[in-house]
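**Student:** next one to model:
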Amino acid sequence: MPERKPEDLTGMEPDAARDYIIGHIAALKGIEAQAAAAEADLAKWVSRVSLARSKGMEDLALQAEREAEARKARVEILDAERRDLAERIGVMRRQIPGLAARSRSIDPYLLAEELAQAAGYLSSEEADRERRFRELDRPDGQTPSKTGDPSPTVL
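**Tutor:** So this is what the prediction gives:
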């Protein structure tokens, strides 16, 4: 079985997917803060290169250049991570509407009842009686009319 990509939200509930995305956004903010600090550090070492050269201290300028190059590499790595994570967050965000649509399902008992009634196997009185007994069996005691949801869907 192929490995799922981290940005693949297939099978997740919409609320869990939103929480997952929020976690990625928090990670993105952390990377952005690290990148800002790394850029400030790079600027400091670039400034030191200029300062050492202006004072005629070429050996110190070369050491500062090596430090600046190391800082520049770190900035580039963080920038690549930031772009990658931002792109994955965008992919995940575009999946949310589809997850919400897929999470809705039809109440199978109600569907079977309506089909039986439409086919003539169940009278409306029998269907009403079955529906009332089924509502009694619900663990939460909720009915679609009590929740304000007249639709036969289960969210």
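**Student:** in stretch 56-71, what counts as buried?
**Tutor:** 61, 64-65, 67-68, 71 (16 or more other Cβ atoms under 10 Å). The way it works is simple: take the backbone N, C-alpha and C, and place the C-beta from them, glycine included.
**Student:** got phi/psi on residue 8?
**Tutor:** The phi and psi values for residue 8, taken as degrees, to the nearest 10, are phi -80, psi 110.
**Student:** and for it, the neighbour number?
**Tutor:** Residue 8 is flanked by 13 other residues according to other Cβ atoms under 10 Å.
**Student:** quick check: the gap between it and residue 52.
**Tutor:** For residue 8, the distance to residue 52 (Cβ to Cβ, to the nearest Å) stands at 50 Å.
**Student:** repeat for residue 135
**Tutor:** From residue 135 to residue 52 the distance is 82 Å (Cβ to Cβ).
**Student:** which stretches in the chain count as strands?
**Tutor:** 105-106, 153-154 (DSSP state E).
**Student:** lowest-confidence stretch among these?
**Tutor:** When the strands of the chain are ranked by mean pLDDT, strand 153-154 comes last with a mean of 40.
**Student:** quick one: furthest residue from the center of this protein?
**Tutor:** Ranked by distance from the centre of the chain (Cα atoms, centre = their mean), the top residue is residue 56, with 53.7 Å.
**Student:** what score does that one have for pLDDT?
**Tutor:** Here, the pLDDT recorded for residue 56 equals 96.
**Student:** leaving out sequence neighbours, find the closest residue to the most centrally placed residue in the chain.
**Tutor:** By Cα atoms, centre = their mean, the chain has its centre lying nearest to residue 21, at 2.4 Å. Leaving aside its chain neighbours, residue 21 sits nearest to residue 92 (5.0 Å; criterion: Cβ to Cβ, 6 or more residues apart in numbering).
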